[in-house]
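In: sequence and predicted model, in that order:
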Amino acid sequence: MRILIAGSSSTIARAIGRQLKAQGEEVFTLSREGSKESEHLCTDLSVEDNIPHIEDFIKNVHPDVIFCCNGLLHNDGGYPEKSLKQLSDAWLQQNLNVNLLCHMHLARAADSLVSRKHPLRWISLSAMVGSIEDNHLGGWYSYRISKAALNMFIRTLSIEWGRRSPASVVVAQHPGTTVSALSEPFAEGIPEGRIYSAEQTAERLIEVMRSLNQTHHGRLLHWDGRILPF
Ligand SMILES: NC(=O)c1ccc[n+]([C@@H]2O[C@H](COP(=O)([O-])OP(=O)(O)OC[C@H]3O[C@@H](n4cnc5c(N)ncnc54)[C@H](OP(=O)(O)O)[C@@H]3O)[C@@H](O)[C@H]2O)c1
């Protein structure tokens, strides 16, 4: 299989790439980081103007599977909000840029590839906290809003691509809480056994990717493949 991993510098993405290569798959990557190589595109997915050259790269790669791993929970300038007082348009916009627009831009770049003859398996790493139904704790406005928007995008994309390419499968997936830079500030509060290594997470995501079928299409999946409420 030919597999494209976007946001490939992410901790989870790197583990997915390592394992897929060890399993003999052809892996291609896309990230803001890295040098120019035939199997890697160095570009910023959050920038709309970059879509045409991403499209050229995808046409050459012709992937059977795409993982989009881009995600933002905190950075030097922002942190998840505990209350409405901490909300700012600028921080929400940054969350939307990474958690929604990166995935949307990649899908726009892959659009011309998807056909009846060329079905695609698409996995966007989302988060359970983006589930509206599952929100009992509150807080984290910008991350929740942007991941919920991603989930709606995935559902809508699944309908369009599903009509054109009935064997394609498009999902959003919660990878499970995983040791990475993204989860690091919150790791202390997570009970033992509820936070996983990137290698464990990658193993599970790859297993689910291999078993994807029409029952999963357009859904938000847990890391074990169970369907979660939107
Ligand atoms: N770790 C967890 O516990 C956890 C839990 C639930 C969901 N998730 C989701 O799983 C995915 C991967 O998580 P991770 O823990 O591996 O994350 P990570 O190591 O923090 O990596 C996040 C990736 O997002 C991309 N990104 C960040 N800021 C960006 C920006 N301004 N513009 C464009 N791209 C940007 C980067 O891609 P490049 O630098 O490669 O371009 C980066 O590698 C994310 O979508 C996250 O929301 C993670």
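Out: Everything's here; your move.

In: what's the neighbour count on residue 159?
Out: 11 (other C-beta atoms under 10 Å). Backbone N, C-alpha and C define where each C-beta goes, glycine included.

In: name the element the residue lying closest to residue 75 once chain neighbours are set aside belongs to?
Out: Excluding the flanking residues, the one nearest residue 75 by C-beta to C-beta, 6 or more residues apart in numbering is residue 94, at 7.5 Å. Per DSSP states H and E, residue 94 falls inside helix 89-96.

In: ditto for residue 123
Out: Assessed by DSSP H and E, residue 123 sits inside strand 121-125.

In: now this protein against the ligand: closest residue?
Out: Among the residues of the chain, residue 71 lies closest to the ligand, at 2.1 Å counting by C-beta to the nearest ligand atom.

In: could you look up the SS state of that residue?
Out: What DSSP: H, G, I helix; E, B strand; the rest coil gives for residue 71 is coil.

In: pretty sure it sits against residue 125.
Out: Yes - at 6.1 Å, residue 71 and residue 125 qualify as touching, with contact defined as C-beta atoms under 8 Å.

In: related to what we said a few turns ago, the strand holding residue 123: partners in the sheet, and parallel or antiparallel?
Out: Strand pairing for strand 121-125, using DSSP bridges, gives strand 65-68 (parallel), strand 169-173 (parallel).

In: redo those as CSV? Include mean pLDDT and mean neighbour count.
Out: Listed next are the strands paired with strand 121-125 as CSV, based on pLDDT from 0 to 100; neighbours: other C-beta atoms under 10 Å:
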stretch, mean pLDDT, mean neighbour count
strand 65-68, 98, 26
strand 169-173, 98, 26
